[in-house]
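>>> Let's see this in three dimensions:
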Amino acid sequence: MIISGLALQDIEAVDVGRKAFESRCAGCHGADGNGGDIGPPIGWRLEAYNDQGLRSLIRNGLPGRGMPPSRVPSPEMTQLLNFLRAIQQRARASPMAGRKLQIQTTEGKTIEGYLLGEGFDDLQLRTADRRVLLLRRAGSRFREVTSDTDWPTYNGDPGGNRYTTLMQISQDNIRRLAMTWMFTLPGAGRLEVTPVVVGGMMYVTGPDECFALDAGSGREIWHYKRRRTRAMSVGGDANRGVAVASDRVFMETNNAHIIALNRFTGELLWDSELADSRKNYFATSAPLPAGDLVISGVGGGEHGANGFVAAHDSKTGKEIWRFSTVPRPGEPGSETWQGENIEHGGAPTWFTGSYDPELDIVYWPTGNPSREYNGDLRKGDNLYSDCMLALERKTGRLKWYYQFTPHDLWDWDATETPVLVDAPWQGQPRKLMLHADRNGFFYVFDRRDGTLLLAKQFVKYLTWSSGIGPDGRPIKLPGQKPTPAGTKV
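Okay, here's the model as predicted:
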């Protein structure tokens, strides 16, 4: 009876603390502490504070980060701290150890699952098959939600269009758009990520970490984080996002690995090294799913690393093929590097390419050569720097290429998105590729065989070239080479 009485007191204390939390904290951090409309999840953050530090934090707030002070009286503060410690303990446990719920949907279904997150209006459950259901309250029942249209890759679709047919946002209502929720990535540094959304779940990244969120509420579902490689002397301090295919999330790491995560749990499924980061390789871009492969590239060209495009089996992580953007001595294209050896030629592949499933061709842009402003030790065109590569998806065999800036002296890497469109050209339907290059010219190709259909200047003040000749090469103008004294280009 004494033990039962103590347990009852504990329950009552937690209930009082819950009420204090709901009235003072839940509006920002969510009813379960897993993040809300304008505040981050707090479970794992509580580890950093003892009780005295937590009291001070609550009463003083963090004005510089948007957290207001809250004058909580001492008796209520004690109960609030007890409830916060309960949230902290729950955060330590795995999601599968969460509370088991049985809910009724608005369609009359009964669903059982483990509670991942809960707010005033939203609920996230993991079912027995380890999938995630996103739910919204409708009285005593719940309705299932998802995304009507997904955005599963960096450019939205494999063709690089970044175009949506959704019509809810228009010129008539865009002025009324307002923030619905905000999610912070603490310690991530600058963000260059494009959010990806599949089945109502949003995936966002910082360097070497990925968050899965309920896209409708911003509530965190899982968080994957690996130790960032700090010894690197170059690059890797950003991440542009993930790609989703089937039940997998593909992501590059700062030390030039590609990994696959379970998209519902964040569990690491495989980890494959692209290159040795001690040789100045890094990776920051979003991979590209293509059939049963996932395609990726690397950075580090300005620091002695040679670029390549790599394809891995999406299920196992095994490397299937690799195309090097700096040919080895004796290989076709190596004659375009005259002078010092081409061990450190550059031509990195750090930006996401495009894919045509019908032709089964991967299109990948490449970066500038090393020693970008001095070509004295690399005479020649320097293939395959500043190129568009058309690679056979299954084998990586080069089908065609085009070099936008041969012997680049201005750092005009061609890492701009190849946009694939099917459209009439001179009255005939044609499979086109559009590319606006950093060198100032806009290009149109027949993407089946690389035929150049158009090369047109789109930069108003362009001084290095008068145009693109019939042979597809730029007609260079004099006096535009970099010099020690400086050249205005």
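>>> ok so residue 52 is a helix residue?
Yes: checked against DSSP: H, G, I helix; E, B strand; the rest coil, residue 52 lies within a helix.
>>> Just give me the neighbour total for it.
The number of residues packed near residue 52 is 9, by other C-beta atoms under 10 Å. C-beta coordinates here come from the backbone N, C-alpha and C atoms, glycine included.
>>> what do you get for the one 4 residues further on?
Other residues near residue 56 come to 12 when the count uses other C-beta under 10 Å.
>>> helix, strand or coil for it?
The three-state assignment at residue 56 reads helix, by three-state DSSP.
>>> which stretches of this protein form helices?
For the chain, the helices defined by DSSP state H occupy 2-24, 26-29, 51-60, 74-92.
>>> mind putting those helices in a markdown table, mean pLDDT and distance to residue 473 included?
Shown next, in a markdown table, are those (pLDDT from 0 to 100; distance: least, C-beta to C-beta, whole Å):
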| stretch | mean pLDDT | distance to residue 473 |
| --- | --- | --- |
| helix 2-24 | 62 | 68 |
| helix 26-29 | 83 | 59 |
| helix 51-60 | 89 | 64 |
| helix 74-92 | 85 | 60 |
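>>> so can I have JSON lines of the ones you listed showing distance to residue 356?
Below are the helices of the chain laid out as JSON lines (distance: least, C-beta to C-beta, whole Å):
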{"stretch": "helix 2-24", "distance to residue 356": "53"}
{"stretch": "helix 26-29", "distance to residue 356": "46"}
{"stretch": "helix 51-60", "distance to residue 356": "54"}
{"stretch": "helix 74-92", "distance to residue 356": "45"}
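>>> I'd say residue 254 and residue 282 touch.
Yes: between residue 254 and residue 282 there is a contact under C-beta atoms under 8 Å: 5.7 Å.
>>> more neighbours, these two?
Legend: neighbour count by other C-beta under 10 Å for residue 254 and residue 282, higher for residue 282 (28 against 22).
>>> In the sheet, which residues pair with that one? Tell me.
For residue 282, the beta-bridge partners are residue 299 (DSSP bridges).
>>> Next up, the contacts around it.
With contacts defined as C-beta atoms under 8 Å, 6 or more residues apart in numbering, the neighbours of residue 282 are 232, 234-236, 254-256, 298-300.
>>> now it: how far from residue 438?
Distance, residue 282 to residue 438, by C-beta to C-beta, to the nearest Å: 21 Å.
>>> Over to residue 311?
Between residue 311 and residue 438 the distance, using C-beta to C-beta, works out to 26 Å.
>>> Compare those two (neighbour count), which wins?
Using other C-beta under 10 Å as the criterion, residue 311 and residue 438 rank with residue 311 on top: 26 against 19.
>>> picking up where we left off before, tell me the buried residues within the contacts of residue 282.
Using 16 or more other C-beta atoms under 10 Å as the burial test, the contacts of residue 282 include 232, 235-236, 254-256, 298-300 as buried.
>>> Contacts only, for residue 125.
Counting by C-beta under 8 Å, 6+ apart, residue 125 has contacts 101, 103, 111, 113-116, 132-133, 135.
>>> partner residues bridging it?
Taking DSSP bridges as the rule, residue 125 bridges to residue 115, residue 133.
>>> Need the pLDDT of the closest residue to residue 360 other than its chain neighbours.
Spatially, and ignoring its direct neighbours in sequence, residue 360 is nearest to residue 393 (4.8 Å; C-beta to C-beta, 6 or more residues apart in numbering). On pLDDT, residue 393 comes in at 98.
>>> try residue 488
Looking at residue 488, its pLDDT reads 93.
>>> Next one: residue 196 relative to residue 354, how far apart?
For residue 196, the distance to residue 354 - C-beta to C-beta - is 16 Å.
>>> Show me which of these two is the more surrounded one.
Neighbour totals were compared for residue 196 and residue 354, and residue 354 leads with 28 against 25 (other C-beta under 10 Å).
>>> give the contact list for that one.
So residue 354 contacts 155, 158-160, 288, 362-363, 417-420, 433 (C-beta under 8 Å, 6+ apart).
>>> count of neighbours near the closest residue to residue 348 other than its chain neighbours?
Of all residues not flanking residue 348 in the chain, residue 301 sits nearest, at 3.4 Å (C-beta to C-beta, 6+ apart). For residue 301, the neighbour count with other C-beta under 10 Å is 29.
>>> Over to residue 139?
6.
>>> Same check on residue 455?
20.
>>> Chain neighbours aside, what residue packs nearest to it?
Residue 455 sits nearest to residue 468 (C-beta to C-beta, 6+ apart), 3.6 Å away.
>>> wait, doesn't the one you found sit right on residue 440?
No: under the criterion of C-beta under 8 Å, residue 468 is not in contact with residue 440, lying 10.5 Å apart.
>>> ok, so of the contacts of residue 354, who is nearest residue 58?
Residue 58 lies nearest to residue 155 out of the contacts of residue 354, by C-beta to C-beta, at 43.9 Å.
>>> Now do the contacts for that closest one.
Neighbouring residues of residue 155 by C-beta under 8 Å, 6+ apart: 161-162, 352, 354, 417.
>>> so can I have TSV of these showing pLDDT and distance to residue 331?
What follows is the contacts of residue 155, written out as TSV (pLDDT from 0 to 100; distance: C-beta to C-beta, whole Å):
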residue	pLDDT	distance to residue 331
161	94	34
162	93	35
352	97	26
354	98	26
417	95	28
